[in-house]
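J.: Fold the following for me, if possible:
(2 chains, ligands or ions: 1)
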Amino acid sequence: MRKFDHRHLIGMGRLSVDDIELILDTAESFKELSERDIKKVPTLRGKSVVNFFFEPSTRTRTSFEIAAKRLSADTFSLSASGSSMVKGETLIDTALNLQAMKPDIIVLRHPSSGAPQLIANRVKAGIINAGDGINEHPTQSLLDLLTIREKMGKIKGLNISIIGDISHSRVARSNIIGLTKMGADVTLSGPPTMIPVGVESLGVRVVLNPAEAVKGKDVIMLLRIQLERQNKALFPCVREYASYFGLTEKIIRAAKKDVIVMHPGPINRGVEISSEVADGPHSVIFDQATNGVAVRMAVLYLLIGGAK
Amino acid sequence: MITRIRAGRFVDPVKGCVEQVELIIEKGKIARILPPGEFKEEGPRIRTINAADKLIVPGLIDMHVHLREPGEEYKETIDSGQMAAVAGGFTSIACMPNTMPPNDTRAVTEFIIEKAKRTGLARVYPIAAITVMQKGERLTEFGELKEAGAVAVSDDGFCVTNSEVMRRALEYARYHGLMVISHSEDLNLSRSGVMHEGVVSTRIGLQGIPAASEEIMVFREISLAALTNCPVHIAHVSTAGSVEIIKRAKDAGIPVTAETAPHYFSLDHKEVAGYNTYAKVKPPLRTPEDVQAIKDGLAEGVIDVIATDHAPHSDIEKKLEFDKAAFGMIGLETALALTLQLVRDKILGLPEAIGKLSLSPASVLGIPGGCIKTGVQADLAVIDPECEYVLKREDILSKSWNSPFIGKKLKGRNELTMIGGEIVWERKSKHPRC
Ligand SMILES: [Zn+2]
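T.: Numbers count the residues shown, from 1 in each chain, chains lettered A, B, ... in the order given. Got it, this is the predicted structure:
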């Protein structure tokens, strides 16, 4: 029996290769469930999962909610405006109050890097990091790994480029850790204003020009450009970003023939990705969304449902 | 009443030596300095302090302290700060003006001085703001502030962004005999940052403060000092680049002095990994290379002063998400041990190290102290350089305990503090080994 020896899922850095494989295998078996007519199993009946979101995110929250419901857990949602955070309560106080209601899992999305760790040390519930600041978004990375494994049959040895605002992306950070851990060769690309200092120390290479960076690659991962970053001098305007760093049909031709194109969504059509690419044969964006539910079911199951 | 301190080794930063002497203190002053055994008087009028195996040093002087009063007394009061100071071996401290309200008027300066006098603990020298409300716009009334007792001006906590204002501050301050202390930070570069920009910030996903944010402003201050030929003092130097810039300025004869804080030569940015908010400080903890450069700067005399930047914050400001937590750490009670580590590591000689904690800041600010000779006020500390201990939160006398050194092993500590001939603090609980 393979064991998942974690109480929380805080970041990819804390998972071993075996842990990751166990999550992906478990997710695969849950995926089959999602294809059935009746998509519900009683595995987590009587368990409660609280979605605690301090940032708006319909997509990730819905994905967690569906995952929990398919496993028959009771789900509750708290958002920043609905919680007492707006009244000046600290995160720790809010978490302790929540703890008093005895949830089994708290799914936390928070704008501050390190927030899940701050409360994980203080509550009994398991914490799932659903994105903390610009630090990590581990379930996104896991669903990306599942998608890659499914489409390419493996992860080890693949050549993968991540393109976009690496500095401010928790998706990039989790994927850099997850992909290198699983033995992929990772290249980062994007405007030099968006590449963090010393990122090579994480075991990746940097090739700024996307046309260069996609050459011979098996996988291209795009990041969502946050349009509000324009006024921070990181890039002049959307139009210029699109023409120098956007992924188009023309650029993709330099990659491997069967390259897959991934995006965590929501996409900005015509900015980081052209419509032809987003809707084209290489795109696996919808598979990612499907796998998101499966991976989150797997994580919930392994944290609170598995034989411990 | 005559006090005799016997059997200690006296560290003299003025002569740069350590010698076995007996100090005789009378009427608050150093009355005589004698070779061991020469003092023969006995009787009820004689109080003897046995300093065997201990060091006797001039009372330490910290030229960069935040006392939080008026306005944030829950973090520190003038009293509690003075108490932390004497516990750490400091007999004089200079307090920064970023209180609420800030010390930008005679009234606040006088309030601090009056309040501090009442305790009889560490002498407190207020540093007034450079600009009204520390807004960086209009100069405060330097003349009146000096008259009220301010010893320097600084907008510490904020950088005077407007170079014209800084230039005029230097010129006007010199006329009044006030040192200008610069908190050097290009706020546009550092604004969203919460730790040093480098491999650690990249790894743990925190926004960085580049070294250039400090260095640009250090360079500007030096340009202005050269332009005006007015002295400037650079607070809390933290980067190798700043050390290099200051070194060149000193070589060129530009009137600049500089300080660093013990955390900049004791800790690097790895301390932040794990989102330790007690290690969140401004300027931020830098790289191991910067730490080495700070040590070299101290050894070569580029950095004149060790000052703590003692910045108390309660857990209300610290037990938070890292990016929401306040910058700053306390330092009065750890500075001595951390500085003695430099002596053990052969970075500094003992008299030099003590000099950077006493004589140097006294001369930068133009205040008494840092020297023990016949006729001067008897401000001194008796320290045990060998005592090893783990810093515990409950041992801290400051009202706040935001120190990244809690739980860490320290070596060397103050045992007794004397101000004007009075013992104002003495360690009660003797460490078993000490
Ligand atoms: Zn400062």
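J.: How about the contacts made by the closest residue to A:Lys256 other than its chain neighbours?
T.: Of all residues not flanking A:Lys256 in the chain, A:Asp218 sits nearest, at 5.5 Å (CB to CB, 6 or more residues apart in numbering or on different chains). Yep, even glycine has a C-beta here, placed from its N, CA and C like the rest. By CB atoms under 8 Å, 6 or more residues apart in numbering or on different chains, the contact set of A:Asp218 is A:Met152, A:Leu158, A:Asn159, A:Ile160, A:Ala255, A:Lys256, A:Asp258, A:Val259, A:Ile260.
J.: Give me the neighbour count for the fourth one.
T.: Neighbour count for A:Ile160, taken as other CB atoms under 10 Å in any protein chain shown: 26.
J.: buried subset of the contacts of A:Asp218?
T.: Taking 16 or more other CB atoms under 10 Å in any protein chain shown as the criterion, what is buried in these is A:Met152, A:Leu158, A:Asn159, A:Ile160, A:Ala255, A:Lys256, A:Val259, A:Ile260.
J.: need the contact list for the first one.
T.: Think A:Met152. Contacts of A:Met152 (CB under 8 Å, 6+ apart): A:Leu158, A:Asp218, A:Val219, A:Ile260.
J.: Would you confirm that the last one contacts A:His282?
T.: Yes - A:Ile260 lies in contact with A:His282 (CB atoms under 8 Å); the separation is 5.8 Å.
J.: what is in contact with the two at once?
T.: A:Ile220.
J.: quick one: average pLDDT of the host helix or strand of B:Val86?
T.: Per DSSP states H and E, B:Val86 falls inside helix B:78-87. For helix B:78-87, mean pLDDT rounds to 96.
J.: chain center to that helix, what's the gap?
T.: 13 Å (CA atoms, centre = their mean, to the nearest Å).
J.: buried set for that helix?
T.: Buried residues in helix B:78-87 (16+ other CB under 10 Å): B:Ile78, B:Asp79, B:Ser80, B:Gly81, B:Gln82, B:Met83, B:Ala84, B:Ala85, B:Val86, B:Ala87.
J.: What lies in contact with the helix or strand following it?
T.: Using DSSP H and E, the helix or strand that follows helix B:78-87 in sequence is strand B:90-95. The contact list for strand B:90-95 (CB under 8 Å, 6+ apart) reads B:59-67, B:78, B:81-82, B:85, B:103, B:112, B:122-127, B:151-152, B:310, B:332, B:335, B:361-362, B:365, B:367, B:369, B:379-381, B:417-419.
J.: out of those residues, which are inside strands?
T.: Assigned to strands by DSSP state E, the following of these qualify: B:60-65, B:123-127, B:152, B:380-381, B:417-419.
J.: List, out of these, those positioned next to the ion.
T.: Contacts with the ion are made by none of the ones in strands among the contacts of strand B:90-95, judged by CB under 5 Å from the ion.
J.: Flag every residue of chain A that's near chain B.
T.: Chain A comes close to chain B at residues A:90-92, A:110, A:112-115, A:117-118, A:132-136, A:170, A:173, A:196-199, A:201-202, as judged by CB under 8 Å from any CB of the partner chain.
J.: returning to that earlier point: of the contacts of A:Met152, closest to the ion?
T.: A:Val219 (46.8 Å; CB to the ion).
J.: burial of the closest one, as a residue count?
T.: There are 27 residues near A:Val219, going by other CB under 10 Å.
J.: What residues does it make contact with?
T.: Counting by CB under 8 Å, 6+ apart, A:Val219 has contacts A:Ile148, A:Met152, A:Leu158, A:Asn159, A:Ile160, A:Ser161, A:Ala184, A:Val259, A:Ile260, A:Met262.
J.: which one of those is nearest the ion?
T.: A:Ser161 (42.4 Å).
J.: so what's A:Met85 scoring on pLDDT?
T.: 54.
J.: same deal with the one 10 residues further on?
T.: At A:Ala95, the pLDDT value in this model is 90.
J.: and what of B:Glu42?
T.: 81.
J.: got it, and A:Glu228?
T.: pLDDT, read off for A:Glu228, is 72.
J.: Kindly indicate whether it is helix, strand or coil.
T.: Following DSSP: H, G, I helix; E, B strand; the rest coil, A:Glu228 is assigned to helix.
J.: what's the neighbour count on it?
T.: 7.
J.: Closest one of the buried residues of helix B:78-87 to the ion?
T.: B:Gly81 (16.4 Å).
J.: could you measure that closest one against B:Pro101, distance?
T.: 18 Å (CB to CB, to the nearest Å).
J.: wouldn't B:Val18 be in contact with B:Pro351 here?
T.: Yes - B:Val18 is within contact range of B:Pro351, at 6.4 Å (criterion: CB under 8 Å).
J.: what sits in contact with each of those two?
T.: With CB under 8 Å, 6+ apart, B:Val18 and B:Pro351 have common neighbours B:Val11, B:Asp12.
J.: So between those two, which is more surrounded?
T.: B:Pro351 (20 against 17).
J.: Assess the claim that the more buried one and B:Arg9 are in contact.
T.: No - if you go by CB under 8 Å, B:Pro351 and B:Arg9 don't touch, sitting 10.9 Å apart.
J.: shared neighbours of the two, anything?
T.: Contacts common to B:Pro351 and B:Arg9, judged by CB under 8 Å, 6+ apart, are B:Val18.
J.: and the contacts of A:Met152, which of them are in strands?
T.: A:Val219, A:Ile260.
J.: Buried residues, stretch B:193-213. List them.
T.: By neighbour count on 16+ other CB under 10 Å, the buried set for stretch B:193-213 is B:193-211, B:213.
J.: With stretch B:342-362 instead?
T.: B:342-343, B:347-362.
J.: Just the ones in helices from those residues, please.
T.: B:342-343, B:350-356, B:359-362 (DSSP state H).
J.: Using a markdown table, please lay out the residues you listed together with distance to chain A and pLDDT.
T.: A markdown table is the format used below for these (distance: CB to the nearest CB, whole Å; pLDDT from 0 to 100):
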| residue | distance to chain A | pLDDT |
| --- | --- | --- |
| B:Leu342 | 28 | 98 |
| B:Val343 | 33 | 97 |
| B:Leu350 | 38 | 97 |
| B:Pro351 | 40 | 97 |
| B:Glu352 | 35 | 97 |
| B:Ala353 | 33 | 98 |
| B:Ile354 | 38 | 98 |
| B:Gly355 | 37 | 97 |
| B:Lys356 | 32 | 98 |
| B:Leu359 | 39 | 97 |
| B:Ser360 | 34 | 98 |
| B:Pro361 | 34 | 98 |
| B:Ala362 | 40 | 98 |
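J.: so where's the stretch 201-308 of chain A shaky on pLDDT?
T.: Along the stretch 201-308 of chain A, segments meeting pLDDT under 70 span A:229-231, A:306-308.
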